[in-house]
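[1] Please work out how this folds:
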Amino acid sequence: MATFTIPPTSLATLTDKTILITGGSSGIGLATAELLLSLSPTNNIVILDQQPIPPSSPLTAPQNAHRTHFHACNITSWPEQRAGFAAAITRFGRIDAVFVNAGISEYGGQFFRDELEGKRGGLNKFRQLKEPDRRTLDIDLRAAGDTVKLAIYWMRKTVVGIDGKKGGRGSIVMTASLAGYLASAGAPVYSAAKHGIVGLMRALKNDLAKLNIAISVVAPAITLTPIISKPGLHNNTDPAEWAASMTKIGVPINKVESVALAVAHLVNIGMQANGQGLLVQGDRMVEVERGIAKTREIWMGREMLDLFRGGREAPLFENKL
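    All right, here's what the predicted structure looks like:
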């Protein structure tokens, strides 16, 4: 399928939206928030993040104070996320779109770096293997699922908002990753979590369509964000210098602004975005979910595909709607 870019002029119709963004104080989340704010004076932005918005951001400018809201939030805490959504509703009366973006990269070597605990001796012939650190899964998948749950809850209530204003459609965009489609051998837990994000979108898209809510994913390849400057990563080199060196040897690097354009595009096209997966690489993008669906016969084989289609309508799971 052909790659494309999103001209900012195509987003002129993205107006009158209240958009909640998790992890919106830096990187892709911040770039998306600033873009959405700039597109229309009638857009409202809500940021849920542990870190405050940088004072240099237009989000903090006095002239934008009436249409921005920051809520300090540990995304792994259900009560804190719930309170963040409630604050958004209290402030603006509705939520039209949610960008499920908060996340971290691989943390530690969970499968090949072993930590032991306890003392050897007596009945303890061996020291015991320490429980793995699950923060990558907790943030990138479990907490993201909580955000989606809260988004669906409030969008179902505010298709017609508390203020009586008709809202049309809801939109949920989740940050996956190239690693959610092509796993990275150096980041097994991160890759598994991002595969989970893609799977969650696929599992929800049909039911959410009945609720007039579109769900989609944006899947960036390597992007120039603060994650690159994580201590110990890339030998602590300057992120821009590291990105430039990677570009010279052929590694495609995204600007955060390109990923922000992809997110805004998915929100802007409404229900047409439902089930889409936009892969962003080298500041260009391609919709991959449609291509994957069209090639099922290649990777499943005709016999298995026919078997799948024959049983697809069977009531295996109770319809919850």
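[2] Buried residues of stretch 136-143, list them for me.
    Of the residues in stretch 136-143, 136, 137, 138, 139, 140, 141, 143 count as buried by neighbour count, 16 or more other CB atoms under 10 Å. Quick note: C-beta positions are derived from backbone N, CA and C, even for glycine.
[3] where does the protein have low pLDDT?
    Residue ranges of the chain with pLDDT under 70: 120-125, 159-168, 227-240, 242-244, 246-248, 250, 316-321.
[4] how about a cut-off of 50?
    160-164, 166-167, 231-232, 234 (pLDDT under 50).
[5] Strands along that one, start to end?
    Along the chain, the segments classed as strands by DSSP state E run 18-22, 44-49, 68-72, 97-100, 116-117, 128-129, 170-175, 213-220, 277-281, 284-287.
[6] I'd like to know which elements the first one is packed against.
    In terms of contacts (3 or more CB pairs under 8 Å, 6 or more residues apart in numbering; DSSP states H and E), strand 18-22 is packed against helix 27-39, strand 44-49, helix 78-92, strand 97-100, helix 143-157.
[7] mind running it again at 10 Å?
    Strand 18-22 is packed against helix 27-39, strand 44-49, strand 68-72, helix 78-92, strand 97-100, helix 143-157, strand 170-175, helix 256-268, with contacts defined by 3 or more CB pairs under 10 Å, 6 or more residues apart in numbering; DSSP states H and E.
[8] Given that strand, what are its sheet partners and their directions?
    strand 44-49 (parallel), strand 97-100 (parallel) (DSSP bridges).
[9] tilt between it and helix 256-268?
    130 degrees (axes from the mean of the first three to the mean of the last three CA atoms, to 10 degrees).
[10] For residue 108, give me its contacts.
    115, 132, 133, 135, 136, 189 (CB atoms under 10 Å, 6 or more residues apart in numbering).
[11] which parts of the longest helix that the chain contains are buried?
    Assignment by DSSP state H gives helix 188-210 as the longest helix of the chain. Neighbour counts over helix 188-210 (16+ other CB under 10 Å) mark 188-198, 200-202, 204-205, 208 as buried.
[12] Show me how far that helix is from its chain's centre.
    10 Å (CA atoms, centre = their mean, to the nearest Å).
[13] Show me what it packs onto, helices and strands only.
    strand 97-100, helix 135-137, helix 143-157, strand 170-175, strand 213-220, strand 277-281, helix 289-294.
[14] Nearest to residue 301, out of these?
    helix 289-294 (15.1 Å; CB to CB).
[15] buried sites along the closest one?
    Those would be residue 289, for helix 289-294 by 16+ other CB under 10 Å.
[16] ok, and what's touching it?
    Against helix 289-294 from outside (CB under 10 Å, 6+ apart): 1, 181, 198, 201-202, 205, 216-217, 219, 275-279, 299.
[17] tell me which of these is nearest to residue 267?
    So of these, ranked by how close each gets to residue 267 (CB to CB), first place is residue 216, at 9.0 Å.
[18] shouldn't that closest one be in contact with residue 268?
    No: assessed by CB atoms under 10 Å, residue 216 is found out of contact with residue 268, at 11.5 Å.
[19] In this structure residue 189 contacts residue 112, no?
    No: between residue 189 and residue 112 there is no contact under CB under 10 Å: 11.7 Å.
[20] Give the residues shared as contacts by the two.
    With CB under 10 Å, 6+ apart as the test, residue 189 and residue 112 reach no residue in common.
[21] who's in contact with residue 86?
    71, 150, 154.
[22] Compute the number of surrounding residues for the last one.
    Okay, so that is residue 154. 18 (other CB atoms under 10 Å).
[23] Spit out the contact partners of it.
    20, 85, 86, 88, 89, 94, 95, 98, 170.
[24] from these, which would you call buried?
    Buried by 16+ other CB under 10 Å: 20, 85, 88, 89, 94, 95, 98, 170, out of the contacts of residue 154.
[25] Could you pull up the residues touching the first one?
    Neighbour list for residue 20: 33, 44-48, 69, 71, 84-85, 87-89, 92, 95-100, 147, 150-151, 154 [criterion: CB under 10 Å, 6+ apart].
[26] Can you tell me the closest non-neighbouring residue to it?
    Distances taken as CB to CB, 6 or more residues apart in numbering place residue 46 nearest to residue 20, at 4.3 Å, with adjacent residues excluded.
[27] For the one you found, give the beta-bridge partners.
    Under the criterion used (DSSP bridges), residue 46 bridges to residue 20, residue 69.
[28] does residue 212 really touch residue 156, like I thought?
    Yes: if you go by CB under 10 Å, residue 212 and residue 156 touch, sitting 9.4 Å apart.
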